[in-house]
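*Asks:* Take a look and give me a structure for this.
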Amino acid sequence: MVRGTRRFDRPVLATITEHTVRYETDLEQVEYQWRLAGEVHRTERFFLVKLAGQFVLMLPRRALTPEQDAEFDAFLGRLAPAR
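*Replies:* Numbers count the residues shown, from 1 in each chain. All right, here's what the predicted structure looks like:
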C-alpha cells in the first residue's frame, strides 16, 4: 500500500467490457484492450492481469458479487491461461 501519495488515494471507477478495461479517477483515465492480456493470476483476494507485459489490472474480488466473480473468472479464462 502506498500512503501519503495523493494519486493513489483517489477513488477509482473501473469499467470492464468485452473488449476493454477502463480506469478513471478525478486526475486521469486510461483504457486497455483485452487483446493485450498476457497472464492472469487469481488469488483468494484479487484478479491480477498482465497487459502488454505489465500488471495493469488488480481487481479486488470483494468488489464483485459471487455471480460476477464467476463470470469474470470465466471471461479471463478465455483470454489467457491462469497462473
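*Asks:* Just the buried positions in stretch 12-26, please.
*Replies:* Across stretch 12-26, burial judged by 16 or more other CB atoms under 10 Å covers residue 21. (Each C-beta comes from the backbone N, C-alpha and C, glycine too.)
*Asks:* measure that stretch end to end?
*Replies:* Start-to-end span of stretch 12-26 (CA to CA, to the nearest Å) is 8 Å.
*Asks:* what pLDDT, on average, does that stretch get?
*Replies:* With pLDDT averaged residue by residue, stretch 12-26 scores 89.
*Asks:* What lies in contact with that stretch?
*Replies:* By CB atoms under 8 Å, 6 or more residues apart in numbering, the residues outside stretch 12-26 that reach it are 10-11, 29-35, 49, 51, 56-57, 59, 72, 75.
*Asks:* Filter those residues down to the ones in helices?
*Replies:* Among these, the members falling in helices are 72, 75 (criterion: DSSP state H).
*Asks:* By neighbour count, which of the contacts of stretch 12-26 wins?
*Replies:* Using other CB atoms under 10 Å as the neighbour test, the contacts of stretch 12-26 are led by residue 49, with 23 neighbours.
*Asks:* so how far is residue 27 from it?
*Replies:* Using CB to CB, to the nearest Å, we find residue 49 at a distance of 22 Å from residue 27.
*Asks:* What of residue 14?
*Replies:* Distance check for residue 14 against residue 27: by CB to CB, it reads 15 Å.
*Asks:* For the lowest-mean-pLDDT helix or strand in the chain, which strands pair with it and how are they oriented?
*Replies:* Sorted by mean pLDDT, DSSP states H and E, the helices and strands of the chain end with strand 54-60, the least confident at a mean of 80. Its sheet considered, strand 54-60 pairs with strand 46-51 (antiparallel) by DSSP bridges.
*Asks:* In the chain, which residue is most central in space?
*Replies:* Most central in the chain under CA atoms, centre = their mean is residue 57, positioned 2.9 Å from the mean C-alpha point.
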